[in-house]
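K.L.:
Next one to model:
(chains A and B)
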Amino acid sequence: MRAALRRTGRRRKQAAIGCAYIAPSFILMTVFNVFPIFMAMYFSFTKYNMVSAPEWIGLENYQKLFTNKVLSDALINTVRYTLMTVPVQTVLALIIAAFIAESLKNRYGSFLRSVIFIPVIVSLIASATVWNIMYEPKGGLINQALNLMGFPSVKFLSSKATVLASVAAVSVWKNTGYYMVIYYAGIMGISVEIQEAAIVDGASPLQRFFHITLPILRPITYMIITLSIISSFQVFDLVYKMTGGGPGRATYTVAYMIYAYAFQDKRIGYACALAIFLLVIILLIHFLQSAFFNDREVKA
Amino acid sequence: MSGIRKRLTFGKVLGTLLVTLFALMCVTPLIYMVAVSFTDSESLYIQLSDLRPGFDNYEYAIVKRNFGRALINSIITVTGSCLLVDIVSAMAAYGFEKKPVPGKEGLFQGYLATMMIPGQVVLIPMFVMINHVHLTNTYAALILPMAGAFGIFLMRQFMVQVPDELLEAAEIDGCGEVRRFVTIVLPLVQPALITLTIFTFNAAWNNFLWPLIINTRSDMHVLPVTMATLSSNSTTNYGMVMAGATLTFLFPFTLYVFLQRQFVEGIALGGVKG
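P.N.:
Numbering: from 1, shown residues only, chains lettered A, B, ... in the order given. Just a heads-up that it's a prediction; the model follows:
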């Protein structure tokens, strides 16, 4: 009896100590991650400019949001940007990882992996600054190369036709190495026996890629696609530094719009409604992904 | 048979060439960046003869264009962020994994759920809050929000491997709670701490939007913010701008060269499991 009491006493004490260990994270998470979400929801129903107190206006911000031509432009740009970046960087990352894992299992292969990863560690603002100069119509490296081959210069960032793709290209340049590393680790995790059995059965490298590697990597592919769609939906730094949303509204994206409304126009309430709208889209992507993924898992 | 082998070799050579070409495309802008930082020409049509071996552009950027101050601010912010995230995450992971706290799994799931929230949603309320408590233009405003669920998630995966028997044995030997955590648990999860430090270093070093809006005074700017304001208010002094970009790139790059394995393993780990 006394032993049992001592055990519950000890357990209580351990629980209290555990709480002490968790407390700092709990405070920081509550203050900087959870509480702000509720504040954003509240602000989204108000008119607020950071000077006078927030004024409750119900659903007005949301009503304005859905009739806002700027938002539909920004949404279209964001979706187009996502379609330009995600498929290209995912496929490139997969092909490069698979090729190096299959045919370059040597020091040169690991050297190439190291080099392709380098853009990942360049900050987005430094990347944007460097690429601004790469894209310069007069003397930028790309136009110098085009001129050398006899083509006229292209105004990459000041023409509406090319600007979004030019920004997307920087994202592909920066992110491919990141996803390549994830794919490479996934391919290295595939058991040697499976591959060898396929080789014995006379499967060509391409057959092995499509019938073994690709299906086994499916969970990683889903994860990479989800992660990269979400990060493309939040593109900000590149747009801020390279185009400022222009020319016209050609690169105006949802994340840039939130910034502009909140911190340039000081329309905090309206910007919060927009941010909540973005949150809903991103949660939707998460749920679609997990539903789709679970569905596939059951069939497999 | 030999036909097949030939085609395979041809494919291998072609593939190697293409991947090499892609790797070249990855580093060309960075080589260009460094090259331009060593020229003093106003034009971008640089030739090898334009390269100057001096550090004039760097000196100008550091002394006249606030890069010196921004560098110090970035180093303080990054150091503070890494310490904070490492300590808070290791403590929380230990509490979650090794202590019988009631309701901890629910709380942990709640933590994980916050990873789905896009930064833009919490940004505006955080701005209002930090303004309200007059913490704008401080290091605390940059450092405190860096703690998040990811670090706790990562640390917990390693905390599982710390054997309970070891902790119990130490307790019986009279080793106190805090000493057990510091001298037994932390050394055992050291690889995870290194991975988390690299992650936090990169996140804090490259953080842009939050420092841009919260620390508006130029003596509290960090490198990416100085970088962003630089070229918008200067004439096309390409050499100086690229010197700034090179400075910004130099620190993460040095870290990458020395801790490459940890960099790559950390990402693969976070990716494959996450």
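
K.L.:
Close to chain B: what parts of the stretch 201-300 of chain A are there?
P.N.:
A:205, A:220, A:223-224, A:230, A:233-234, A:236-237, A:240-241, A:255, A:258-259, A:262-263, A:268, A:271-272, A:275-276, A:278-279, A:282-283, A:286 (Cβ under 8 Å from any Cβ of the partner chain). In short, each C-beta sits where N, CA and C put it, glycine included.

K.L.:
where does chain B dip in pLDDT?
P.N.:
Within chain B, the ranges that satisfy pLDDT under 70 run B:1-8, B:41-43, B:47-49, B:231-236, B:269-274.

K.L.:
Determine the number of other residues adjacent to the closest residue to A:E60 other than its chain neighbours.
P.N.:
Once flanking residues are discounted, A:E60 sits nearest to A:K47: 7.7 Å by Cβ to Cβ, 6 or more residues apart in numbering or on different chains. Neighbourhood size, A:K47 [other Cβ atoms under 10 Å in any protein chain shown]: 16.

K.L.:
who touches the nearest residue to B:V189 once chain neighbours are set aside in this structure?
P.N.:
Nearest residue to B:V189 in three dimensions, chain neighbours excluded: B:F158, at 4.6 Å (Cβ to Cβ, 6+ apart). Going by Cβ atoms under 8 Å, 6 or more residues apart in numbering or on different chains, B:F158 touches B:93, B:188-189, B:191-192.

K.L.:
Pick out the residue of the stretch 1-150 of chain A closest to chain B.
P.N.:
The nearest approach of the stretch 1-150 of chain A to chain B comes at A:G18, 2.6 Å away (Cβ to the nearest Cβ).

K.L.:
sorry, back to before: which of the contacts of B:F158 count as buried?
P.N.:
The neighbour count (16 or more other Cβ atoms under 10 Å in any protein chain shown) marks B:93, B:189, B:192 as buried among these.

K.L.:
Which ones among the residues of the stretch 201-300 of chain A next to chain B map onto helices?
P.N.:
Within these, membership in helices is found for A:205, A:220, A:223-224, A:230, A:233, A:237, A:240-241, A:255, A:258-259, A:268, A:271-272, A:275-276, A:278-279, A:282-283, A:286, as judged by DSSP state H.

K.L.:
so where do the strands sit in chain A?
P.N.:
A:46-47, A:55-56 (DSSP state E).

K.L.:
Out of those strands, the one nearest B:P102 is which?
P.N.:
Between B:P102 and those, the tightest spacing by Cβ to Cβ is seen for strand A:46-47, at 37.6 Å.

K.L.:
who touches that closest one?
P.N.:
Against strand A:46-47 from outside (Cβ under 8 Å, 6+ apart): A:54-57, A:60-61, A:269.

K.L.:
if I pick the nearest residue to the residue of the stretch 1-150 of chain A closest to chain B once chain neighbours are set aside, what's in contact with it?
P.N.:
Of all residues not flanking A:G18 in the chain, B:K99 sits nearest, at 2.6 Å (Cβ to Cβ, 6+ apart). B:K99 is in contact with A:14-15, A:17-19, A:21, counting by Cβ under 8 Å, 6+ apart.

K.L.:
that older thread, what is the burial count for the residue of the stretch 1-150 of chain A closest to chain B?
P.N.:
21.

K.L.:
Quick check: it touching B:G95?
P.N.:
Yes. Taking Cβ atoms under 8 Å as the definition, A:G18 is a contact partner of B:G95 at 4.4 Å.

K.L.:
per the record, what domains does the chain have?
P.N.:
I went with chain A, as the question did not name one. A:2-33, A:60-299 (automatic domain parsing).

K.L.:
that's the wrong chain, I wanted chain B
P.N.:
Using automatic domain parsing, the domain parsing of chain B gives B:2-50, B:66-233.

K.L.:
Turn those domains into CSV, columns for distance to A:A4.
P.N.:
Shown next, in CSV, are the domains of chain B (distance: least, Cβ to Cβ, whole Å):
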stretch, distance to A:A4
domain B:2-50, 65
domain B:66-233, 16
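
K.L.:
Most tightly packed of the ones you listed?
P.N.:
domain B:66-233 (a mean of 18; mean count of other Cβ atoms under 10 Å in any protein chain shown).

K.L.:
Centre of the chain to it, how far?
P.N.:
Computed by Cα atoms, centre = their mean, to the nearest Å, the chain-centroid distance of domain B:66-233 equals 11 Å.

K.L.:
Quick check: phi and psi on the closest residue in space to A:K160 that isn't next to it in sequence?
P.N.:
Leaving aside its chain neighbours, A:K160 sits nearest to A:A250 (4.5 Å; criterion: Cβ to Cβ, 6+ apart). With angles defined as degrees, to the nearest 10, A:A250 sits at phi -60, psi -30.

K.L.:
Please name the residues that touch residue 212.
P.N.:
In the absence of a named chain, this looks at chain A. Taking Cβ under 8 Å, 6+ apart as the test, what A:I212 contacts is A:190, A:194-195, A:198, A:203.

K.L.:
I was after chain B.
P.N.:
Taking Cβ under 8 Å, 6+ apart, one finds B:224-225, B:228 in contact with B:L212.

K.L.:
out of those residues, which touch chain A?
P.N.:
B:224-225, B:228.

K.L.:
Just the ones of those in helices?
P.N.:
Per DSSP H, the subset of the ones next to chain A among the contacts of B:L212 in helices is B:224-225, B:228.

K.L.:
circling back to that earlier point, next, find the distance separating the residue nearest to A:G18 from B:S89.
P.N.:
Distance of B:K99 to B:S89, computed by Cβ to Cβ, to the nearest Å: 15 Å.

K.L.:
Then A:Q195?
P.N.:
Taken as Cβ to Cβ, the span from A:Q195 to B:S89 is 37 Å.

K.L.:
ditto for B:C82
P.N.:
11 Å.

K.L.:
in chain B, which helix has the most residues?
P.N.:
Every helix in chain B considered (DSSP H), the longest is helix B:2-37.

K.L.:
If you count contacts, what does that helix end up packed against?
P.N.:
helix A:69-103, helix A:107-117, helix A:124-135, helix A:141-148, helix A:163-188, helix B:238-258 (3 or more Cβ pairs under 8 Å, 6 or more residues apart in numbering or on different chains; DSSP states H and E).

K.L.:
do that again at 6 Å, thanks
P.N.:
helix A:69-103, helix A:107-117, helix A:124-135, helix B:238-258 (3 or more Cβ pairs under 6 Å, 6 or more residues apart in numbering or on different chains; DSSP states H and E).
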